[in-house]
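Asker: Below are the sequence and a predicted model; questions follow.
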Amino acid sequence: MKAEKFIHAILLILTMMITSGGIYAQDLSSHLWKDRIVVIYTIDSTSKEYTRQLSELRNDIEGLVDRKLRLYSVTPTHFKMGWEDNAWKKRNNSLEEILNTNKEFEVMLLGLDGRVKLRQDHLLSNKKLFATIDSMPMRQSELRNRDK
């Protein structure tokens with residue numbers, strides 16, 4: 001029941017983001033059906049959890065690229081796409097309902113369809129991230145088509 005409400009909230013937020021015209025909304029909606037997204041939410045971009053998560057992801061950039069993954073980092077007031085430390089931009093509140101703001105740290109995987117496929121409040125290992133993606137039907141189709 002809780003997961004169903006969460007999915008409905010995501011769909012509502014994605015619809016609002018697509019029609020709102022905000023910079024953050026445009027960035028996320030432009031990924032639908034093209035990219036998977038890893039969202040790292042942290043209240044402090046210098047926190048141990050956040051820096052450990054970035055290090056873990058950096059350990060296999062090739063694996064991220066192969067799985068069409070894009071990275072978004074989000075704080076209560078800012079966001080950035082990718083790895084550049086100085087690329088932080090002020091964010092609007094369009095993601096407020098899908099971010100679990102009572103947590104200090106959270107990692108989410110959004111699939112090609114924009115839905116949350118994985119969510120946790122501790123370090124997400126590349127092994128678990130890749131296994132989750134590799135078990136998805138769309139990823140398996142990508143692998144079959146690549147081998148042809």
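Answerer: Happy to help now that I have it.
Asker: got the residue ranges for the strands in this protein?
Answerer: Taking DSSP state E to define them, one finds strands in the chain at 36-42, 69-74, 78-81, 89-90, 105-110, 116-120.
Asker: Mean pLDDT added to the ones you listed, as CSV?
Answerer: Output for the strands of the chain, formatted as CSV (pLDDT from 0 to 100):
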stretch, mean pLDDT
strand 36-42, 95
strand 69-74, 94
strand 78-81, 90
strand 89-90, 88
strand 105-110, 95
strand 116-120, 94
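Asker: can I get those in CSV with mean neighbour count and distance to Ala131?
Answerer: Using the backbone N, CA and C atoms, a C-beta is placed for each residue, glycine as well. Formatted as CSV, the strands of the chain follow (neighbours: other C-beta atoms under 10 Å; distance: least, C-beta to C-beta, whole Å):
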stretch, mean neighbour count, distance to Ala131
strand 36-42, 22, 14
strand 69-74, 20, 14
strand 78-81, 17, 25
strand 89-90, 10, 32
strand 105-110, 22, 11
strand 116-120, 16, 10
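Asker: For those strands, give me JSON lines that also has distance to Arg146.
Answerer: Below are the strands of the chain laid out as JSON lines (distance: least, C-beta to C-beta, whole Å):
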{"stretch": "strand 36-42", "distance to Arg146": "16"}
{"stretch": "strand 69-74", "distance to Arg146": "16"}
{"stretch": "strand 78-81", "distance to Arg146": "26"}
{"stretch": "strand 89-90", "distance to Arg146": "34"}
{"stretch": "strand 105-110", "distance to Arg146": "21"}
{"stretch": "strand 116-120", "distance to Arg146": "21"}
